[in-house]
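Kindly generate the corresponding structure for this input.
(one chain, ligands or ions: 1)
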Amino acid sequence: MTTTAPTIRPIGVPGTEPRRLENFVRGEWVVGTGNGVDLFHAVSGAKIAEATTSGTDYRSTVEYATRVGGPALRRMTFHERALMLKAIAQALMARKDEFYLVSAATGATKQDSWVDIEGGIGTFFAYASRGRREFPNERFYIDGPTEALSKGGSFVGRHICVPLEGVAVHINAFNFPVWGMLEKLAPTLLAGVPAIVKPATVTSFLAEAVFRAMIETDLLPAGAVQLLCGSSGDLLDHLDCQSAVAFTGSASTGKMLKASKSILENSVRFNMEADSLNYSMLGPDAAPGSPEFDLFIKEVAREMTTKAGQKCTAIRRTLVPEGMISDVMSALKKRLESITIGDPSIDGVRMGPLAGRGQVGEVRKSVDAIAKSAELAYGSLDDFAVVGADRERGAFFPTLLFYAKDPFGSSAAHDVEAFGPVNTVMPYKTVDDAIELAKKGKGSLVGSLFTADDRVARDVVMGTAAYHGRLMLLNRHSAKESTGHGSPLPHLVHGGPGRAGGGEEMGGVRGVLHYMQRTALQGSPTTLMHVTNEYTPGADRTLDRVHPFRKYFDELNVGDALVTPRRTVTEADIVNFAGISGDFFYAHMDDIAARDSIFEKRVAHGYFVLSAAAGLFVDAAPGPVLANYGLESLRFVKPVYPGDTIQATITVKQKTAKENREGQVPQGVVSWDVEVRNQNQEPVAVYTILTLVRRKGTGE
Ligand code: NDP
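Residues are numbered from 1 along each chain as shown. You can find the predicted model right below:
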């Protein structure tokens, strides 16, 4: 093996010679030995690169990630890792033009490349932002509230999540070489886990280009990421119980890998995204001429042709009320006729080739299987025009529309995923029938429904949700801003049950937790407070002569508390508060109605109790507290009557330093646990308030 300098060299671009892709292992770019697998330009069929991982020592690749990458990432907090993702995303975005050039060799149109490249970088941005908003500035994540485990409150429970100490192996599909890599890397790196990326060989030249740019940012700690362009050899044999595999590809490969000895014996987490026969349903109300009908036609045609139908989320089965079949068929045919197939670099070409000639053969096989139980209603395998390229040398495939007259009898249309621009239309009689047909996909990534009738929407959701990872319900009101049937989003889960693999990726925080161990902790509230850096009710508090609002962020500690003076609530308070707020609700103001109410007499406004508590705990003079910006988890536990005496206790619950921003006072968020009690020491209101507190060293 030899080591070469890490520079991006264009690939597949006219005038460039084919070259051997490089692997990034143990912190170096390495060229594999032996014969490589030839990679071809999807449009011209010309050889553009070769890939091989021969000579790689997979054991030491895993060991390097675990020994070097993992500890370095775990030393960083979520916020530091999130900022790293953001900086990498910015650097990648600045170089996106280079990626578009390389992406053309995959057969992608500009729009397809946009989804892959900018959609992929977008997941880094999304996780960078969520990492700072939804995770603490810590190395662990607290999952859920404190659980009471004992009567006296001296023994409680809490869940924390810590990063796995092994490596995440990402085995990606060929269709989205950039998005597929980045949507898995973002949650993995945010979790603090190193990754070994194995792109699908056929389009690994694009993954390599983007990966190179990522390495060249110099922002990732050593060992955080490695890349294998080609076979992953015996890599999985070296994984232990601290590792995780995320696989996207065919169900057969996925199942085979999931059943590997080392995966089973070490209980290695295995997340699988596999074949999926996604449905789209036209609601019975969405007659021709309605906005929903037009939206449906547009979406089905778009899903068939975007990325030449090579999307795991593409619509494969189109469910249509039987009375509208001929309208739908003719509308779809009209749209498909307007799709020009050819070299995407030529103006007017709307659909490019498949990823390679191998895929042409695969999709043909699937089409033959579907044709056994459905009639071909549009398109021809042998007679279709290709603009600006040689149909036989490039990996071109026609758009094909099937019609399954008897969808309950046509098993192939529900079972065979033709991973290309292929779709089967099926009639249904009733919504219940349509639901049964949707479920015949045996578990899918996504389903969609076009209806203006929200009762149909509810029935279809209740009927098909258990079989789908995502459901999109579209009508004239949501269409304009819709992200579309086929777009997985970082905020929402991507994955599906059954034949879709049974996995789940992204979905905000959920996707990060996939790479973390959730551990239940049991102990005293004080112990758990010290372990988690979060005040747990019942834990020891620290009282000081100095009011906590006079302290800078840096001077406050979790558990620091203030017990306020008392205040007796009077009827005058209630009347005054009603006057100021305009809230004359009978329970506060109408003696007779209040007597008949669940309170049995007049009570103080809950918001008066809050305001009075603020009056008790606030330190009025200017100081380090910059603002009170929110309140969470408010509960009025018991009524407060005129004559009751209230007292508040505020305790520092959690502290989160905010990154320094130009032109902004250095600050942090301090959340405070607030408990208001009455004269019998019974809680009447509990909540959390959020304040911005100045950090020291600001010239104050
Ligand atoms: P494969 O299952 O053959 O490949 C998927 C990934 O697995 C690739 O990175 C591949 O690498 C890798 N792989 C294959 N064999 C092994 C092995 N023995 N050990 C480790 N890794 C392995 O699927 P394809 O990419 O060829 O796609 C085939 C079909 O999968 C499509 O036609 C489609 O039906 C489905 N698919 C589903 C997707 C989804 O998200 N649901 C996405 C893409 C495809 P290599 O390329 O080096 O063989």
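
Near the ligand, which residues of the stretch 101-250 of the chain? Just list them.
Neighbours of the ligand within the stretch 101-250 of the chain, by CB under 6 Å from any ligand atom: 171-175, 198, 200-202, 231-232, 248-250. For glycine as for every other residue, the C-beta is placed from the backbone atoms N, C-alpha and C.

Can you list the low-confidence ranges for this structure?
1-10, 697-700 (pLDDT under 70).

Grab the longest helix from it for me.
Across the chain, the longest stretch assigned as helix under DSSP state H is helix 78-94.

What are the contacting residues of that helix?
Identification of contacts with helix 78-94 by CB atoms under 8 Å, 6 or more residues apart in numbering yields 73, 76, 99, 118, 121-122, 124-125, 127-132, 135-139, 141, 186, 189-190, 192, 210, 213-214, 216-217, 219-220, 656, 659.

ditto for stretch 651-658
79, 136-137, 533-535, 541, 548, 553, 556-562, 666-673, 675, 688, 695.

same check, this time on stretch 37-50
So stretch 37-50 is contacted by 11-12, 16, 18-21, 36, 51-52, 104-107, 201-205, 230, 343-345, 352-357, 389-390, 393-395 (CB under 8 Å, 6+ apart).

now, which of those lie within helices?
By the criterion of DSSP H, membership of the contacts of stretch 37-50 in helices covers S204, F205, R357.

Report the separation between the last one and the ligand.
In this structure, R357 and the ligand are 13 Å apart, going by CB to the nearest ligand atom, to the nearest Å.

how many other residues sit next to the residue in the chain that the ligand sits nearest to?
Distance from the ligand to each residue of the chain (CB to the nearest ligand atom) is smallest for G249, at 2.4 Å. G249 sits with 21 neighbouring residues when counted by other CB atoms under 10 Å.

ok, it touching A173?
Yes - applying CB atoms under 8 Å, one finds G249 in contact with A173, separated by 4.8 Å.

okay, and the common contacts of these two?
A200, E273.

How about the residues of the stretch 301-450 of the chain by the ligand?
So the stretch 301-450 of the chain meets the ligand at C312, E362, E417, F419 (CB under 6 Å from any ligand atom).

cutoff 5 Å now
For the stretch 301-450 of the chain, the residues in contact with the ligand (CB under 5 Å from any ligand atom) are C312, E417, F419.

so what's N423 bridging to?
Taking DSSP bridges as the rule, N423 bridges to L401.

Which residue is the nearest non-sequential neighbour of F636?
When the adjacent residues along the chain are set aside, F636 lies closest to G606, with 4.3 Å between them (CB to CB, 6 or more residues apart in numbering).

related to what we said a few turns ago, tell me the contacts of the residue of the chain closest to the ligand?
Applying CB under 8 Å, 6+ apart, the residues contacting G249 are I171, N172, A173, A200, E273, A274.

Could you check how far it is from D237?
The gap separating G249 from D237 is 19 Å, by CB to CB, to the nearest Å.

Locate the residue of the protein with the greatest distance from its centre.
The C-alpha centroid of the chain is most remote from I592, which lies 54.2 Å away (CA atoms, centre = their mean).

Now do the buried residues in the host helix or strand of that one.
Using DSSP states H and E, the element containing I592 is helix 591-596. Neighbour-count burial for helix 591-596 flags A594 (criterion: 16 or more other CB atoms under 10 Å).

T570 and H588: what is the separation?
13 Å.

who's more crowded, those two?
H588 (21 against 13).

three-state assignment of that one?
Applying DSSP: H, G, I helix; E, B strand; the rest coil to H588 yields a three-state assignment of helix.

That one against H605, yeah?
Yes - H588 is within contact range of H605, at 5.6 Å (criterion: CB under 8 Å).

Common neighbours of these two, please.
Listed as contacting both H588 and H605 by CB under 8 Å, 6+ apart are I574, F577, A578.

wait, doesn't the second one sit right on V603?
The reference is to F577. No - using CB under 8 Å, F577 makes no contact with V603, being 11.6 Å away.

so who does L528 touch?
L528 is in contact with T146, V156, R158, L521, T536, A539, counting by CB under 8 Å, 6+ apart.

you'd agree it is in a helix?
Yes - the assignment for L528 by three-state DSSP puts it in a helix.

what's the spacing between it and F155?
Note on L528: its distance to F155, by CB to CB, is 10 Å.

What segments of the stretch 101-250 of the chain are strands?
Ranges of strands within the stretch 101-250 of the chain are 141-148, 156-163, 168-171, 195-198, 225-227, 244-248, based on DSSP state E, counting those that start in this stretch.

Dump those to TSV, plus mean neighbour count.
As requested, the strands of the stretch 101-250 of the chain are exported to TSV (neighbours: other CB atoms under 10 Å):
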stretch	mean neighbour count
strand 141-148	16
strand 156-163	20
strand 168-171	26
strand 195-198	26
strand 225-227	26
strand 244-248	25
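
for these, which one sits closest to V300?
strand 244-248 (23.7 Å; CB to CB).

Packing partners of the closest one?
The contact analysis (3 or more CB pairs under 8 Å, 6 or more residues apart in numbering; DSSP states H and E) places strand 244-248 against strand 168-171, helix 179-191, helix 251-258, strand 269-273.

The shortest one pairs with which strands, parallel or anti?
This means strand 168-171. Sheet pairing for strand 168-171, using DSSP bridges, gives strand 195-198 (parallel), strand 244-248 (parallel).

which other residues reach that strand?
181, 184-185, 188, 193-198, 232, 235-236, 239, 243-249, 257, 515.

In contact with R75: list those residues for me.
Here R75 is in contact with R139 (criterion: CB under 8 Å, 6+ apart).

helix/strand/coil for E534?
Reduced to three states by three-state DSSP, E534 is coil.

if I read this right, it contacts G559, doesn't it?
No - using CB under 8 Å, E534 is not in contact with G559, being 9.7 Å away.

quick one: stretch 183-200 to chain centroid distance?
Using CA atoms, centre = their mean, to the nearest Å, the mean C-alpha position of stretch 183-200 is found 13 Å from that of the whole chain.

correction: stretch 206-217
Offset of stretch 206-217 from its chain centre (CA atoms, centre = their mean): 22 Å.

cool, and stretch 514-531?
Remark: stretch 514-531 is offset 25 Å from the chain centroid, using CA atoms, centre = their mean.

Just the buried residues of that stretch, please?
Buried residues in stretch 514-531 (16+ other CB under 10 Å): H514, Y515, M516, L521, G523, S524, P525, T526, T527, L528, M529, H530.

Repeat that for stretch 446-456.
So for stretch 446-456, counting by 16+ other CB under 10 Å, buried means V446, G447, S448, L449, F450, T451, A452, D453, V456.

Quick check: which of the helices and strands packed on strand 244-248 is nearest to S633?
Here helix 179-191 is closest among the helices and strands packed on strand 244-248 (CB to CB), at 25.3 Å.

CA atoms of the closest one as CSV?
Coordinates of each C-alpha in helix 179-191 appear next as CSV, following Å, rounded to 0.1, in the frame of the first residue of the first chain:
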residue,chain,number,x,y,z
TRP,A,179,-26.8,12.3,1.6
GLY,A,180,-26.6,8.6,2.5
MET,A,181,-23.2,9.3,4.1
LEU,A,182,-24.0,12.5,5.8
GLU,A,183,-27.4,11.6,7.2
LYS,A,184,-25.7,8.8,9.1
LEU,A,185,-22.6,10.7,10.1
ALA,A,186,-24.4,13.7,11.6
PRO,A,187,-26.2,11.8,14.4
THR,A,188,-23.2,9.5,14.9
LEU,A,189,-20.7,12.2,15.4
LEU,A,190,-23.1,14.3,17.5
ALA,A,191,-23.4,11.2,19.7
